[in-house]
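Colleague: pasting the sequence and the predicted coordinates here, then a few questions.
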Amino acid sequence: MTAALERPTIDVTEALARASRFPRLRYMGSKYRLLPHLAEVFAAVGGTTAADPFSGSGVVSYLLKCQGYEVTSSDYLNFPTVIARATTANSDVTLGDAEIDAVCGPAADDRDFIRTTFDGLYFTEDDRTFLDSAWSNIDRLPAGQRDLAISALVLSAARRQPRGVFTFTDATRYTDGRRDLKLSLREHFRERIAEYNAVVFDNGRTSQAVCGEVFDVAPGPYDLVYLDPPYAPPADDNDYIKRYHFLEGLSRYWQDATIMHDTKTKKLAKRFTPFAYKRTIEDALLRTFEHFADSGTIVLSYSSNAVPAADRIIELLGKVKSSVEVRAVDHRYSFGTHVTAARRSVQEYIFIGRDE
């Protein structure tokens with residue numbers, strides 16, 4: 001347990017107003033709509049240090065920063081880590097007009113990996129050529145500016161893809177006239193980098209973002225640990241690589257990536273995570289709780305349409321924390337981003353484990 005639990009002095013309304021400007025990435029399980037509920041919980045916990053080891057879209061790490069925390073953010077995928085470095089860990093670096101023009105300008109070399117590897121997939125040839133060209137210039141930027149530029153490139157690709165995922169090859173059937181689908185990736189990049197530049201600020205603390213499994217994160221202790229692992233469905237699995245493989249590859253220009261060339265969508269090799277399967281989720285949750293047992297408060301987001309059920313999670317969290325509170329929030333998940341996307345009403349549980 002940390003010695004002092006000083007409350008962040010940032011007003012919740014002010015923090016939410018700032019966090020609401022965070023560039024929105026369509027991401028499975030994203031917590032954008034739950035920010036008001038999470039902000040109230042975080043403000044009540046208080047303290048100065050927080051960990052978010054399943055950072056995903058990056059918006060909760062950023063909310064914690066907005067509420068005055070020193071944040072340790074991490075994810076096992078690279079592109080969420082880059083986004084967190086560009087926003088949560090970044091206090092003062094932005095991209096100026098000259099750098100933006102350079103990224104959008106002539107190619108710095110003759111690379112054509114994206115244009116040729118993904119020929120006929122996802123984007124037009126001009127868009128794919130732009131991604132190669134942009135990366136040739138991004139490679140020449142300093143580290144902090146690289147993170148911002150890559151984040152904007154990732155968000156551009158996600159916005160340009162009709163459903164925000166990369167699990168199908170024919171995008172024409174999902175084209176519905178949205179502005180995002182009409183803009184070129186070059187036009188997207190200029191708009192998205194402006195959004196990322198706008199959220200850079202210094203909260204007076206030093207945060208960090210690292211790429212790795214949750215058990216690789218230093219156990220703290222932290223005043224607050226926020227956990228938002230993949231939700232294990234009752235059937236099948238919950239595979240983020242399958243849905244976002246292109247964004248993951250794009251975030252590092254496919255360096256050290258294993259592309260499955262025999263697949264139509266040119267997927268990356270699947271990475272096992274015990275949080276995605278009902279047969280391994282309980283052990284994974286318990287080990288995670290034990291990993292952060294010495295921290296002050298553990299806050300877990302989980303869904304009512306996943307396993308295990310709420311009473312079992314209470315039992316598991318209760319093994320490391322003497323008091324477990326549960327708040328249920330009505331929530332609607334959208335499957336896909338097109339106008340006819342199916343939506344399912346569920347309850348989002350917020351478990352709050354602390355020592356009394």
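Modeller: Thanks, I have the structure now.

Colleague: every contact and neighbour count from this point should use C-alpha atoms.
Modeller: OK.

Colleague: wait, a strand at G47?
Modeller: No: counting by DSSP: H, G, I helix; E, B strand; the rest coil, G47 is not found in a strand; it is coil.

Colleague: so it is in contact with D223, correct?
Modeller: Yes: if you go by C-alpha atoms under 8 Å, G47 and D223 touch, sitting 5.4 Å apart.

Colleague: the stretch 1-150 of the chain: strands as residue ranges?
Modeller: Assigned by DSSP state E, counting those that start in this stretch, the stretch 1-150 of the chain shows strands spanning 49-52, 70-75.

Colleague: I'd like those strands laid out as a markdown table, including distance to Q145, mean pLDDT and mean neighbour count.
Modeller: Output for the strands of the stretch 1-150 of the chain, formatted as a markdown table (distance: least, C-alpha to C-alpha, whole Å; pLDDT from 0 to 100; neighbours: other C-alpha atoms under 10 Å):
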| stretch | distance to Q145 | mean pLDDT | mean neighbour count |
| --- | --- | --- | --- |
| strand 49-52 | 23 | 98 | 28 |
| strand 70-75 | 19 | 98 | 27 |
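
Colleague: out of the ones you listed, which is closest to H291?
Modeller: strand 49-52 (12.1 Å; C-alpha to C-alpha).

Colleague: for that closest one, packing partners?
Modeller: Where contact means 3 or more C-alpha pairs under 8 Å, 6 or more residues apart in numbering; DSSP states H and E, strand 49-52 is packed against helix 59-66, strand 70-75, strand 224-227.

Colleague: next, format the ones you listed as JSON lines and append distance to T280.
Modeller: Conversion of the helices and strands packed on strand 49-52 to JSON lines gives the following (distance: least, C-alpha to C-alpha, whole Å):
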{"stretch": "helix 59-66", "distance to T280": "25"}
{"stretch": "strand 70-75", "distance to T280": "19"}
{"stretch": "strand 224-227", "distance to T280": "17"}
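
Colleague: out of those, which is closest to D101?
Modeller: helix 59-66 (27.3 Å).

Colleague: got the angle for that closest one vs strand 70-75?
Modeller: Angular relation of helix 59-66 and strand 70-75 on a 0 to 180 degree scale: 170 degrees, by axes from the mean of the first three to the mean of the last three C-alpha atoms, to 10 degrees.

Colleague: average pLDDT across helix 59-66?
Modeller: Across helix 59-66, the average pLDDT comes to 98.

Colleague: what sits up against it?
Modeller: The set of residues external to helix 59-66 that reach it, using C-alpha atoms under 8 Å, 6 or more residues apart in numbering, is 10, 15-16, 18-19, 22, 31-32, 35, 39, 42, 50, 52, 55, 70-71, 73, 84, 87-88, 203.

Colleague: swap in stretch 252-263?
Modeller: Contacts with stretch 252-263, where a contact means C-alpha under 8 Å, 6+ apart, come from N78, F79, W135, E248, G249, K266, K267, L268, A269.

Colleague: what about the stretch 251-356 of the chain, any weak spots by pLDDT?
Modeller: 331-345 (pLDDT under 70).

Colleague: which parts of the protein are helices?
Modeller: 12-19, 35-45, 59-66, 78-87, 97-104, 113-117, 125-138, 143-160, 179-182, 185-198, 240-250, 281-291, 310-317 (DSSP state H).

Colleague: measure V346 to Y302 for me?
Modeller: As judged by C-alpha to C-alpha, to the nearest Å, V346 and Y302 stand 11 Å apart.

Colleague: sorry, wrong one. I was asking about Q145.
Modeller: For Q145 relative to Y302 (C-alpha to C-alpha), the value is 34 Å.

Colleague: the two - which one has more neighbours?
Modeller: Taking other C-alpha atoms under 10 Å, Q145 and Y302 do not tie; Y302 has more neighbours (25 against 19).

Colleague: run through the bridge partners of the more buried one.
Modeller: Taking DSSP bridges as the rule, Y302 bridges to Y349.

Colleague: just checking, it touches P233?
Modeller: No: using C-alpha under 8 Å, Y302 is not in contact with P233, being 11.2 Å away.

Colleague: I'd like the helices of the chain laid out as TSV, including distance to T258.
Modeller: Below are the helices of the chain laid out as TSV (distance: least, C-alpha to C-alpha, whole Å):
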stretch	distance to T258
helix 12-19	35
helix 35-45	35
helix 59-66	28
helix 78-87	14
helix 97-104	26
helix 113-117	13
helix 125-138	19
helix 143-160	19
helix 179-182	29
helix 185-198	25
helix 240-250	9
helix 281-291	26
helix 310-317	35
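
Colleague: nearest to D216, out of these?
Modeller: D216 lies closest to helix 281-291 among these, at 9.8 Å (C-alpha to C-alpha).
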